[in-house]
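Visitor: give the three-dimensional model of this entry:
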Amino acid sequence: MNMAYVYEHWRPDTNECFYVGKGSGKRANIHWGTARNLHHRRIVEKLRRNGMGVEVKIAANGLSDEEAFEKEKKEFYSTA
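Guide: Down below sits the predicted model:
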């Protein structure tokens, strides 16, 4: 059963992608209190202080975990 997806978190203030991840369920839309990394947390906190939120874009869905992992790596390196 294919249930994984690859998502991107974008900054609305700079129109830049700052995080690429893979997940399932509501993972892409949960930004606060998750164990991503310090860089991600600081950007989310700055956006909230400025009255903004993370913009979520789904890069691919309906993937197996293996497909999502490979797509996540490709998306990360194409936005870096």
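Visitor: quick one: the helices in this protein, in order.
Guide: 38-49, 65-79 (DSSP state H).
Visitor: may I see those arranged in a markdown table, with mean pLDDT, mean neighbour count and distance to residue 30 as well?
Guide: Backbone N, C-alpha and C define where each C-beta goes, glycine included. Below are the helices of the chain laid out as a markdown table (pLDDT from 0 to 100; neighbours: other Cβ atoms under 10 Å; distance: least, Cβ to Cβ, whole Å):
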| stretch | mean pLDDT | mean neighbour count | distance to residue 30 |
| --- | --- | --- | --- |
| helix 38-49 | 92 | 14 | 11 |
| helix 65-79 | 81 | 15 | 17 |
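Visitor: so which of those gets nearest residue 4?
Guide: Nearest to residue 4, of all the helices of the chain, is helix 65-79, at 3.7 Å by Cβ to Cβ.
Visitor: surely residue 56 touches residue 28?
Guide: Yes. Between residue 56 and residue 28 there is a contact under Cβ atoms under 8 Å: 5.0 Å.
Visitor: the more surrounded of those two?
Guide: residue 28 (22 against 14; other Cβ atoms under 10 Å).
Visitor: OK, contacts around the closest residue to residue 4 other than its chain neighbours?
Guide: Sequence neighbours aside, residue 68 is the residue nearest to residue 4 in space, at 3.7 Å (criterion: Cβ to Cβ, 6 or more residues apart in numbering). If you count contacts by Cβ atoms under 8 Å, 6 or more residues apart in numbering, residue 68 has them with 4-6, 22, 60.
Visitor: got it, and residue 44?
Guide: 31-32, 54.
Visitor: by pLDDT, give me the weakest of those.
Guide: Across the contacts of residue 44, the bottom pLDDT score, 70, is held by residue 32.
Visitor: can you lay out the helices of the chain as a markdown table showing distance to residue 18?
Guide: Below are those laid out as a markdown table (distance: least, Cβ to Cβ, whole Å):
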| stretch | distance to residue 18 |
| --- | --- |
| helix 38-49 | 5 |
| helix 65-79 | 9 |
